[in-house]
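Asks: here you go, sequence then predicted model.
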Amino acid sequence: MKFLVWSYYYHDLLPEQHMSYKTCGRFSEEDALRLDELKDMLFKCFEVQSVLNACQQFRLAKLRQEPCPFTQQDLDRMFATEVE
């Protein structure tokens, strides 16, 4: 769940089965490889529709300006920060 919140809620990147985080150009090569591994593990554990449903709920929460239980700083430290 934290990975989905980090990717979609904070960085507006919808995880897709055949998409690589390298293609967005926002993360270092090393981080992108690790993110792809996490994404692949996500889709091994959950069906595509479940991931899409969760992201839809995060989108609605963002639209309603509901507070997120995890800060972007904490999740960036856990997963990756965007390169500048």
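Replies: Everything's here; your move. Residues are numbered from 1 along each chain as shown.
Asks: next, the contact list for Val48, please.
Replies: Gln17 (C-beta atoms under 8 Å, 6 or more residues apart in numbering). Yep, even glycine has a C-beta here, placed from its N, CA and C like the rest.
Asks: where's it relative to Tyr9, distance?
Replies: 19 Å (C-beta to C-beta, to the nearest Å).
Asks: and for Met41?
Replies: Applying C-beta to C-beta, the value for Met41 to Tyr9 is 19 Å.
Asks: and the two? which has more neighbours close in?
Replies: Tyr9 (19 against 11; other C-beta atoms under 10 Å).
Asks: surely the more buried one touches Cys68?
Replies: Yes. If you go by C-beta atoms under 8 Å, Tyr9 and Cys68 touch, sitting 6.0 Å apart.
Asks: who touches both of those two?
Replies: Common contacts of Tyr9 and Cys68 (C-beta under 8 Å, 6+ apart): Ala61.
Asks: please name the nearest non-neighbouring residue to Met1.
Replies: Ala54 (7.4 Å; C-beta to C-beta, 6 or more residues apart in numbering).
Asks: what's the burial count for Ser19?
Replies: For the record, residue 19 is Met, not Ser. 13.
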